[in-house]
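Undergrad: have a look at this prediction, sequence included:
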Amino acid sequence: MDTTFLNLFPGLTEDKAIEILETPLEQLKDKYHRYIAAAHLVNFPTERSIKALIEVLQESNPARENRQAQRKAIESLGRLKVVKALEVIRPFLADKDCYTVENTVWAIGEIGTQNQGILEEIAQLLEKEGQIHRVMIQTLAKLNYKPALSRIAKFTESDDSAIACAAIAAVCKLSGDRTQLDRVVTFLKEQNIHARRGVIQDLMDLKHYQAIPQIATAPVSQSMRLRGMRFLADEGIAQGKLNFEEIEPSFDLAVWDHPQDLNMVYQYYQKPDLSRVINNLYNTNFGYCYLASKAMLELYPDAGEALEQSFHENAKEDYGAHYHIIKLFGWLKYAPTYDLFVDTLINLGAKFVKSRIAAAISLGYLGDQRAIPHLKACLETPIWKLQYACLLALDYLGDDSGRKMCVNDSDWLVRAKANSSKRLVSSDSH
């Protein structure tokens, strides 16, 4: 299990986290630490950690902090795929808190089961109001529970597009009738951000690798798109249904990630002022971030100084805004941020992988040859997305030596890109 982004408390040890969970809640000075400990133990797939998480679920204390810790413990056990936790988790399907129920259903889907009783309990939740039905539909489809088909089909016309999308995808999978696949793909252009995000997972569950080009242009986070595209590419290549030449333009586009290449789902109905554009770069809905990036390039191409001021004041701990602004500095060819690009590329950690990718692309687009050794150094990283970005940036700088370093890379996608004859970057015309 890749827990790179789950290790949010690097100073917290396994022993300390277990100690927190074993301490009676009323004896804890900071009761919310119980939740933190349950979250952190996902990084320690040991019998001791699993035992501690299970014991949290067996605790009857009704205090809010304990229930929050139980919800997180269920999630951690799901991420760890602890089969023996199923029967301890199962009673929470009847919990009065819909978010605890959601976590429980999700965790059961991650662990996996063919227990018909458990699956039927999940299916019956579809008929219960106040539940988060999307995760139930996805889980039932994932675990191939066909007796739920007719109940899931009722949701295909839901007013909630995120639920409708999941239901259509589930019907395709459970019935074997894939004629509605194109309808699933259209949700990538939905204004509902939950539908746009969710449909990528739905397409992954359906192994619909033909949707890679459409995913590449969807205005959701780059990391979400690349996760889906990579999964589907691996599937298509393994089955002999795809070749790299077919999907290379889509990967180039998604890694390059120029807003002009994306399908915008929102618009400004009149010219926005600069402050509004900059504020939208901090939106948690990336559809607005990409809209703002596009507006910045078209309407405010000389706003580098204002953007730099906002970056230093507000973006340091905002991973999304950090990414978009680093990328915008590059698109604007704002030379004063060259050193910032290098520092971001070389020195930032795993939580800023998106920004490191942005810095690589920006260094390429800026056109400064001094960036070449820094980009080549990052080809040694095990992060395929960053390797790919560095290869694109080096292409833009007219340097082929990076490709030679990766011709025998252990990652098939990086290796294929290094050996590709394609040198033109998709957004050269911008």
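TA: Yep, that arrived.
Undergrad: hang on, isn't residue 101 packed against residue 124?
TA: No - the pair residue 101 and residue 124 does not pass the contact test of C-beta atoms under 8 Å, sitting 11.7 Å apart. Placement of C-beta: from N, CA and C, glycine included.
Undergrad: so which of those two has more stuff around it?
TA: When residue 101 and residue 124 are compared for neighbours, residue 101 comes out ahead with 24 against 13, by other C-beta atoms under 10 Å.
Undergrad: so for the more buried one, what's the pLDDT?
TA: Note on residue 101: pLDDT of 97.
Undergrad: name the element it belongs to?
TA: Per DSSP states H and E, residue 101 falls inside helix 98-111.
Undergrad: that helix: which residues count as buried?
TA: Along helix 98-111, the positions that meet the burial threshold by neighbour count (16 or more other C-beta atoms under 10 Å) are 100, 101, 102, 103, 104, 105, 106, 107, 108, 109, 110, 111.
Undergrad: who touches that helix?
TA: By C-beta atoms under 8 Å, 6 or more residues apart in numbering, the surrounding residues in contact with helix 98-111 are 67, 70-72, 74-75, 77-79, 81-83, 85-86, 89-90, 92-95, 118, 122, 125, 130-132, 135-136, 138-139, 142-143.
Undergrad: residue 356 versus the closest residue to residue 200 other than its chain neighbours, what's the distance?
TA: Computed as C-beta to C-beta, 6 or more residues apart in numbering, the closest residue to residue 200 that is not its neighbour in sequence is residue 228, at 4.0 Å. Per C-beta to C-beta, to the nearest Å, residue 228 is found 20 Å from residue 356.
Undergrad: next one: residue 133
TA: Taking C-beta to C-beta as the measure, residue 133 falls 37 Å from residue 356.
Undergrad: do residue 255 as well
TA: Relative to residue 356, residue 255 is positioned 12 Å away (C-beta to C-beta).
Undergrad: where do the contact lists of these two overlap?
TA: Here residue 255 and residue 356 share the contacting residues residue 389, scored by C-beta under 8 Å, 6+ apart.
Undergrad: look at residue 333 and give its secondary structure.
TA: coil (DSSP: H, G, I helix; E, B strand; the rest coil).
Undergrad: and it, how many residues sit next to it?
TA: For residue 333, the count of nearby residues is 13 (other C-beta under 10 Å).
Undergrad: now do the one 10 residues further on
TA: Each residue near residue 343 was counted by other C-beta under 10 Å, and the total is 13.
Undergrad: pLDDT wise, what is it at?
TA: Value listed for residue 343 in the pLDDT field: 95.
Undergrad: okay, and it sits in which element?
TA: With elements taken from DSSP H and E, the one containing residue 343 is helix 338-347.
Undergrad: counting by contacts, list what that helix packs against.
TA: Contact here means 3 or more C-beta pairs under 8 Å, 6 or more residues apart in numbering; DSSP states H and E; on that basis helix 338-347 packs against helix 319-331, helix 353-366, helix 372-377.
Undergrad: residues of that helix that come out buried?
TA: Neighbour counts over helix 338-347 (16+ other C-beta under 10 Å) mark 338, 340, 341, 342, 344, 345 as buried.
Undergrad: do stretch 272-292 as well
TA: Burial within stretch 272-292, assessed by neighbour count using 16+ other C-beta under 10 Å, is assigned to 272, 277-283, 285-292.
Undergrad: and for stretch 403-420?
TA: Within stretch 403-420, the residues that qualify as buried by neighbour count (16+ other C-beta under 10 Å) are 403, 405, 406, 409, 411, 413, 414, 415, 416, 417, 418.
Undergrad: contact partners for residue 290?
TA: Under the criterion of C-beta under 8 Å, 6+ apart, the neighbours of residue 290 are 219, 259, 262, 264, 324.
Undergrad: again, only this time at 7 Å
TA: Neighbour list for residue 290: 219, 259, 262, 264 [criterion: C-beta atoms under 7 Å, 6 or more residues apart in numbering].
Undergrad: does it belong to a helix or a strand, and which?
TA: Using DSSP H and E, residue 290 falls within helix 286-299.
Undergrad: now do that helix: distance to the chain's middle.
TA: Computed by C-alpha atoms, centre = their mean, to the nearest Å, the separation of helix 286-299 from the middle of its chain amounts to 20 Å.
Undergrad: for that helix, output the C-alpha coordinates as PDB.
TA: What follows is the C-alpha trace of helix 286-299 in PDB, where atoms were taken according to Å, rounded to 0.1, in the frame of the first residue of the first chain:
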ATOM      1  CA  PHE A 286     -10.100  22.800  -9.500                       C
ATOM      2  CA  GLY A 287     -12.600  23.600 -12.200                       C
ATOM      3  CA  TYR A 288     -12.500  27.200 -11.000                       C
ATOM      4  CA  CYS A 289      -8.700  27.100 -10.600                       C
ATOM      5  CA  TYR A 290      -8.300  26.100 -14.300                       C
ATOM      6  CA  LEU A 291     -10.800  28.800 -15.300                       C
ATOM      7  CA  ALA A 292      -8.900  31.400 -13.400                       C
ATOM      8  CA  SER A 293      -5.600  30.200 -14.900                       C
ATOM      9  CA  LYS A 294      -7.000  30.500 -18.400                       C
ATOM     10  CA  ALA A 295      -8.400  34.000 -17.600                       C
ATOM     11  CA  MET A 296      -5.000  35.100 -16.100                       C
ATOM     12  CA  LEU A 297      -3.200  34.100 -19.300                       C
ATOM     13  CA  GLU A 298      -5.800  35.800 -21.600                       C
ATOM     14  CA  LEU A 299      -6.700  38.900 -19.600                       C
END
